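Peer 1: quick check, what structure comes out for this input:
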Amino acid sequence: MRRALIAGAVTVTTAGVVGYAGMCATSAADSLERAQDGVTAARQQEDSVDGTLAALRSAEDHVQTADATLSRWPVDVVAAVPVLGRSWRAERAVTRTADEVISAAALLAEQLPAVRSRAGGVELEDLARVRSDLAAPTRRAQSALADLRATPTAWTPPVVGRGVTDAVGALGPAVRTLTQAGTGLGVLSGLLGETGPRSLMVMLQNNAELRGAGGYAASFATGRLEDGTLSLEPLQDVVAAADPPSRARRVPAPAEYTEDYAVLSGDTTIWRSWNMSPHVPDSALVGARVAGALLGQEPDVVVLLDVPALGSLAALGGTGVVLPDGTQVSASELADALLVDAYATAGPELEGQLRRRAELQAAATTVVRRLLASDVPVAETARTLGSLAAGRHLSVWSARPEEEQALVELGVAGSVDAPEGTGDLSHVSVNNIGANKLDIYVDRDVSVEVVLTEDEATVVQRVRFANEAPEGLVPYVAGEDNPGRVTSRVELSLPPGAQDVRATIDGGPWGGTFRPGASRQRLATELQLPRGVASELEVHYTLPLDDGTYRLRVLPQPLARDADLDLTVRSADGQPLVDDAGAELPGGVDVSGPFRRVREVSVSLHRPTRWERLREFWNSPVDLG
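Peer 2: Next up is the predicted model:
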């Protein structure tokens, strides 16, 4: 009897301890939910430094409350029980990871705005301090995330497994951002001359006449970066510095660049088409060598930006730009003012077009000088530049291999390559070879359809071009020989591992070239598109999946007016997909809308957990026959 009473008392006590631990876990879960609300609020407050910091600090308080709750008695006792404690240990791993990540994010949000800007540059000591202070918290966040990923959730309730999965999905991108912030601060310091002076070339691209990396290389400026300060000469027309075709010289170029663009004189001192390759690291290298041949000094930093980028940068330092004729335009109107209205008012004569070019250069010079001389906070400038890089409206190249590799990893280099080298890739680039300025009137729709099995992806890419050029355009815009007709070299970049590639134009033969390469396969053809006519290019292929995960990178060409994107990824048998963190995507991936930035996809077929397999086993019918 005594033993029974003792056993009963122990059972009741154990149940009470476990029950109280469960109440603590519920309380901690509530705190984590409030922390998640704080993180969401921080993202929504990204335009307000104070708002972002306040939201992150609030989230940090809630996470620390949850961590304290899960670290005290009796949770610590229950968590030590081999199987029973797994749920509590998993939740503690979530809180500790969230604590490290949010603390590091709050530190970055607090310190980055404190970086002092000055006319023409920033204080390198401030950048170094932020980089140093961020290093240790970032390492702790990386370690905590690795522990969280390794946390066993087998034989825990499904809600616990989902909680860990959701936490990895929410915190993983934050850790990646922290890591990239540290790398980016280091690269920025190097580019700004921390270890010695750097020579710079800034090239302005005109999207009305497309090139693979952006637009016609219209104007350029050279400068010097030293001790955090940028000095930049006024922009000038490339025609004034370039060689005439009769005296053009070739410069060394990468093999793939030579194979594709030497026939179009891209690698010569004519200099107006060196940016024909959409893979900016190749184009910028050629551009730097051409600049060295023409100007006597080869820059070791090249920045490419286009007219839409000017509008975004103009919004940083003021409400608009005053053109040479006295017209004031807002930042949002700048692209149309320079790429549409200026052509219409300039007229067909050379004198008018020279005035138009002067307007473009003057607008660019105004924006750049305002940016260099203004007191715009570094954090705000960094956000704008990051957004421009995501849309490929701004790219940066460095002659130093270690910096260039970091720029590629940060997504600022304008590279065209598949994720992790073996993933899928979609990029469409146009080079205008028709001697006109009609590209701004061509509507573009990009479609990528992917069907997955465990072993491979079946992919269909389509791009539709529609020439909507109006009547009445001046000959300089419409073209002299075939007014209104668009003539382009269209290039599709596919992953290096694509197999069984089949391409058509409007359902007929491709009739172009197909070349393999180290980082991409290139399909190219010439497209003739009269006014009012549309044409569709289509390519089919399969891509093996070595590890069962499908990864895709979809890259836009920087345009004056965004293309439209329609992207779908689904399984062949209707099985749900899961993302990198294991979160289920029942309907697969479905993205549609303006194609404004680089898109990344990483999914795999859903694999049932032990709980799901056990539930399926118990719910399956029993055959008694």
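Peer 1: use CA for all of it now, contacts and neighbours both
Peer 2: Will do.
Peer 1: dump the residue contacts of A114.
Peer 2: D126 (Cα atoms under 8 Å, 6 or more residues apart in numbering).
Peer 1: angles on the backbone of it, please.
Peer 2: phi -80, psi -10 (degrees, to the nearest 10).
Peer 1: mind checking how far it is from L385?
Peer 2: Look at A114 and L385: by Cα to Cα, to the nearest Å, they are 18 Å apart.
Peer 1: same deal with P308?
Peer 2: 12 Å.
Peer 1: higher neighbour count, the two?
Peer 2: P308 (27 against 19; other Cα atoms under 10 Å).
Peer 1: T183: what's it in contact with?
Peer 2: A406.
Peer 1: so it belongs to a helix, correct?
Peer 2: Yes - counting by DSSP: H, G, I helix; E, B strand; the rest coil, T183 falls inside a helix.
Peer 1: what number of residues lie near the closest residue to A241 other than its chain neighbours?
Peer 2: Among residues not flanking A241 along the chain, L294 sits closest, at 6.8 Å (Cα to Cα, 6 or more residues apart in numbering). Here the count is done by other Cα under 10 Å, and L294 has 17 residues near it.
Peer 1: how about residues contacting whatever helix or strand L294 lives in?
Peer 2: According to DSSP states H and E, L294 maps onto helix 280-295. Where contact means Cα under 8 Å, 6+ apart, the residues beyond helix 280-295 that reach it are 201, 213, 241-243, 251-254, 257, 267-269, 271, 274-277, 297-300, 302, 395, 397, 399, 413-416.
Peer 1: tell me the helix or strand right after it.
Peer 2: Next along from helix 280-295, by DSSP H and E: strand 301-306.
Peer 1: centre of the chain to that next one, how far?
Peer 2: Put simply, strand 301-306 sits 17 Å off its chain's centre (Cα atoms, centre = their mean, to the nearest Å).
Peer 1: was I right about T258 contacting D267?
Peer 2: Yes - between T258 and D267 there is a contact under Cα atoms under 8 Å: 7.3 Å.
Peer 1: confidence score at the spatially most central residue of the chain?
Peer 2: Residue closest to the mean C-alpha point of the chain, counted by Cα atoms, centre = their mean, is A390 at 3.8 Å. Among the per-residue scores, A390 shows a pLDDT of 94.
Peer 1: how close does the closest residue to it other than its chain neighbours sit to G386?
Peer 2: Leaving aside its sequence neighbours, A390 sits nearest to R597 (Cα to Cα, 6+ apart; 5.0 Å). Using Cα to Cα, R597 is found at 11 Å from G386.
Peer 1: what sits against the residue nearest to the centre of the chain?
Peer 2: The neighbours of A390, taking Cα under 8 Å, 6+ apart as the test, are G411, V412, R596, R597, V598.
Peer 1: now, which of those sits nearest A217?
Peer 2: V412 (19.1 Å; Cα to Cα).
Peer 1: domains of the protein?
Peer 2: 21-191, 198-405, 417-611 (automatic domain parsing).
Peer 1: just checking, D336 is part of a strand?
Peer 2: No - membership of D336 in a strand is not supported by three-state DSSP, which gives helix.
Peer 1: that one and V459, how far apart?
Peer 2: 36 Å.
Peer 1: isn't G186 right next to R129, touching?
Peer 2: No - assessed by Cα under 8 Å, G186 is found out of contact with R129, at 10.9 Å.
Peer 1: between those two, who's got more neighbours?
Peer 2: G186 (18 against 13).
Peer 1: pLDDT below threshold where in the protein?
Peer 2: For the chain, applying pLDDT under 70 flags the ranges 1-91, 119, 153-164, 166, 317-320, 323-325, 339-357, 360, 368-376, 607-625.
Peer 1: CA atoms of the helix or strand containing A240 as PDB?
Peer 2: Per DSSP H and E: A240 is located in helix 238-241. Extracted as PDB, the C-alpha positions of helix 238-241 are listed here (Å, rounded to 0.1, in the frame of the first residue of the first chain):
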ATOM      1  CA  VAL A 238      32.100  58.600 -75.100                       C
ATOM      2  CA  VAL A 239      32.100  59.800 -78.700                       C
ATOM      3  CA  ALA A 240      34.600  62.500 -77.700                       C
ATOM      4  CA  ALA A 241      37.100  59.900 -76.300                       C
END
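Peer 1: right, and the helix or strand after that helix?
Peer 2: helix 255-261.
Peer 1: buried residues in that following helix?
Peer 2: E256, Y257, T258, D260, Y261 (16 or more other Cα atoms under 10 Å).
Peer 1: to what extent is D300 buried, counted in neighbours?
Peer 2: For D300, using other Cα under 10 Å, the count is 18.
Peer 1: and it, how far from P197?
Peer 2: Taken as Cα to Cα, the span from D300 to P197 is 10 Å.
Peer 1: please list all residues in contact with W510.
Peer 2: Contacts of W510 (Cα under 8 Å, 6+ apart): A503, T504, T525.
Peer 1: mind redoing it with 10 Å?
Peer 2: W510 makes contacts with R502, A503, T504, L523, A524, T525, E526, L537, E538, V539, as judged by Cα atoms under 10 Å, 6 or more residues apart in numbering.
Peer 1: over to D506?
Peer 2: R464, A534, S535, E536, L537, E538.
Peer 1: 6 Å instead, please
Peer 2: E536 (Cα atoms under 6 Å, 6 or more residues apart in numbering).
Peer 1: likewise for S602?
Peer 2: Per Cα under 6 Å, 6+ apart, neighbours of S602: Y550, R551, D579, D580.
Peer 1: ranking by neighbours, what's the top pick from those residues?
Peer 2: Neighbour-wise, those (other Cα under 10 Å) top out at Y550, 28 neighbours.
Peer 1: centre of the chain to whichever strand or helix holds that one, how far?
Peer 2: Using DSSP H and E, Y550 maps to strand 549-555. Offset of strand 549-555 from its chain centre (Cα atoms, centre = their mean): 12 Å.
Peer 1: A strand includes V451, no?
Peer 2: Yes - assessed with three-state DSSP, V451 lies in a strand.
Peer 1: can you report how many residues neighbour the residue nearest to A390?
Peer 2: R597 - counted by other Cα under 10 Å - has 19 other residues nearby.
Peer 1: secondary structure class for it?
Peer 2: coil.
Peer 1: that one and R392 touch, don't they?
Peer 2: No - using Cα atoms under 6 Å, R597 is not in contact with R392, being 7.3 Å away.
Peer 1: for stretch 481-495, list every residue counted as buried.
Peer 2: 483-495.
Peer 1: helix, strand or coil for E471?
Peer 2: coil.
Peer 1: actually G532, sorry about that
Peer 2: coil.
Peer 1: OK, contacts around it?
Peer 2: N467, E468.
Peer 1: just give me how far stretch 500-510 sits from the chain centre.
Peer 2: That offset, for stretch 500-510, works out to 30 Å (Cα atoms, centre = their mean).
Peer 1: tell me the buried residues in it?
Peer 2: Applying 16+ other Cα under 10 Å to stretch 500-510 flags A503, T504, I505, W510 as buried.
Peer 1: and the furthest pair within those?
Peer 2: A503 and I505 (7.2 Å).
Peer 1: kindly list the main-chain dihedrals of T365?
Peer 2: The phi/psi pair for T365 (degrees, to the nearest 10) is phi -60, psi -40.
Peer 1: thinking again about what came up before, what is the nearest of the contacts of S602 to G193?
Peer 2: R551 (36.5 Å).
Peer 1: tell me the SS of the spatially closest residue to the closest one that is not a sequence neighbour?
Peer 2: In space, and not counting its chain neighbours, R551 is closest to S602: 4.4 Å by Cα to Cα, 6+ apart. Recorded secondary structure, S602: strand (three-state DSSP).
Peer 1: which residues does S604 contact?
Peer 2: T549, Y550, L577, V578 are the contacts of S604 under Cα under 6 Å, 6+ apart.
Peer 1: for these, which ChimeraX command selects only the ones that are buried?
Peer 2: To isolate the buried subset of the contacts of S604 in ChimeraX, counting by 16+ other Cα under 10 Å, use the following:
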select :549,550,577,578
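Peer 1: kind regards, and thank you for your time.
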